[in-house]
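1. fold the following, please.
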Amino acid sequence: MPAQIAADRGHVDCAATAVGEGESPPAASAGVGYGEGSEGLELGGEGGGEQSGGREERSDDSEDGGGWRGAVVSEAERGPCDVAVVAAAGLSSARFLREFVDPERPVLVRNGSAGLAGLRQLLARERFVERHGALRVRVSHVPYHDGTMARETTIADFVTDFVTAMADGGMPGEVPDSTTSNSGSSSSADYLFEALAPNHPLHEPLSAHLPGFVSDAIGTEWRDERKVQLAVGPPGTGAPPHLHKAAVNSLVFGRKRWYLMPPRDAVYGAQPIAQWVEEGWPERHRSAGRKVLECEQNAGDLLYIPDFWGHAVLNLEPSVAIASEIHTPRMQFMFRG
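-> Sure, this is the predicted structure:
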C-alpha cells in the first residue's frame, strides 16, 4: 500500500515513504550527516557539576531475566550499535539537549533507565501476574498497523501462553540465523503492546522509567503530555518500521535489536518484524540509498529516538520494555502554534 508521508523537519527531502513488501524502495537523496557510528563507544561523562540522569545498580531480578527466561548479557557480550553510545553517569539534561535533542541524533544510554530496581520488581513475571494478571490488554502479531486485528486477553492468559510456548522450545516460526537466541524464536507470535491511559493502574509506576535528564529537558509544562507504553514479547516479536514523535525506550528485561532510519529515509511496514528481517529489507533499503542503522539494546539501557525517525525493533530474547513518547522543544513550539 504505497503512500507518501511527509513532515516539516527543517531538512531537505524529509519525507517518509511507505513501501509495500513486494516493492523496491526509491533511492534516497544525498544524506545529511547525523554523527552516528563513526564516533564509537563513548563512556566518559561530562563534568561541570551538572545533575546526571541517575544510574542504578542491577537488582536481583535481573539475574534470571525476571523469570522471563532471558539471558543476562555481560559488558563483553554486548552487541554492536551504530548510533552514539554514552554512559548514564554524567549525562545531564543540558548535554542531552545540546548533543542529541537539538541536533536530532539518536543515542543509546547504557544503564540509563531510571527506577530500574523498582521496575524489575514490579515486572518480574510471577509478581507481575500475581498483582496485575486480571488487567485486560491487546495483543497482535504486528502493532502499529491498522490492518492487523488485535485480540483482547488478560495479562495472566498472555503470560501463560508465553511461558508454555517458551518451555516447548520457542514459538512457531524461525528468526533469521543472525537474530536467533538460545531462548527460542518466533515470527508469528503475539506481542503485547499497550498504550496506558493516565488513569491506568500501571501508568504512574511505569512512568518512573524516565530519567531526570529527559524529564528536565522536556520541562514541567509538558511532562504530563506523554504516552506511556508497555511492550512484552518472546524472541522474534516486535514492531515493523514506523515513525512518530520522539520517544524514550527503556528495556527492563531482555535484549532487542533496533533498526533506525533518518526522517527522509523512513518507511512504514506491515509485516511481522522477523519476516521483514528474514526477507532482507534492511539491506534492500540500504542498497536503494537509504540509511538504516542498527543498535542492540540490553536490559537497563535507554534508547532515545528523535522526532519522526523511522524505527523497527526485533526481540532477541524474551523482553519487557517501557516507552514514552515525549514533546521535544521543537514539537512544543509547533503545538504552541
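
2. which residue is the nearest non-sequential neighbour of Gln297?
-> Leaving aside its chain neighbours, Gln297 sits nearest to Lys256 (4.6 Å; criterion: CB to CB, 6 or more residues apart in numbering). Using the backbone N, CA and C atoms, a C-beta is placed for each residue, glycine as well.

3. packing partners of the longest helix along the chain?
-> Ranked by residue count and defined by DSSP state H, the top helix of the chain is helix 155-167. With contacts defined as 3 or more CB pairs under 8 Å, 6 or more residues apart in numbering; DSSP states H and E, helix 155-167 has these neighbours: helix 125-132, strand 136-140.

4. picking that back up, for the residue nearest to Gln297, give the beta-bridge partners.
-> Beta-bridge partners recorded for Lys256 (DSSP bridges): Gln297, Asn315.

5. wait, isn't it in contact with Leu314?
-> Yes: using CB atoms under 8 Å, Lys256 makes contact with Leu314 at a distance of 6.7 Å.

6. compare these two (neighbour count), which wins?
-> More crowded of Lys256 and Leu314, by other CB atoms under 10 Å: Leu314, with 28 against 24.

7. check what pLDDT the more buried one gets.
-> Looking at Leu314, its pLDDT stands at 96.

8. now do the contacts for it.
-> Leu314 makes contacts with 175, 179, 236-238, 256-257, 259, 273-274, 277, as judged by CB atoms under 8 Å, 6 or more residues apart in numbering.

9. list just the nearest of those residues to Glu130.
-> Of all those, Thr237 has the smallest distance to Glu130: 23.6 Å, by CB to CB.

10. out of the helices and strands packed on helix 155-167, deepest packed?
-> Across these, averaging neighbours per residue (mean count of other CB atoms under 10 Å) puts strand 136-140 on top, at a mean of 17.

11. in its sheet, which strands sit next to that one, and in what direction?
-> Counting by DSSP bridges, strand 136-140 is paired with strand 151-154 (antiparallel), strand 191-196 (antiparallel).

12. need those in TSV with mean neighbour count, mean pLDDT and distance to Leu116, can you?
-> Putting these into TSV (neighbours: other CB atoms under 10 Å; pLDDT from 0 to 100; distance: least, CB to CB, whole Å) gives the following:
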stretch	mean neighbour count	mean pLDDT	distance to Leu116
strand 151-154	13	93	26
strand 191-196	20	92	19
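
13. export the ones you listed to JSON lines and tack on distance to Ser324?
-> Putting the strands paired with strand 136-140 into JSON lines (distance: least, CB to CB, whole Å) gives the following:
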{"stretch": "strand 151-154", "distance to Ser324": "24"}
{"stretch": "strand 191-196", "distance to Ser324": "10"}
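
14. nearest to Leu210, out of these?
-> Nearest to Leu210 among these is strand 191-196; the distance by CB to CB comes to 13.6 Å.

15. can you show me the helices along the stretch 201-337 of the chain?
-> For the stretch 201-337 of the chain, applying DSSP state H, counting those that start in this stretch gives helices covering 203-206, 212-218, 273-278, 281-287, 329-336.
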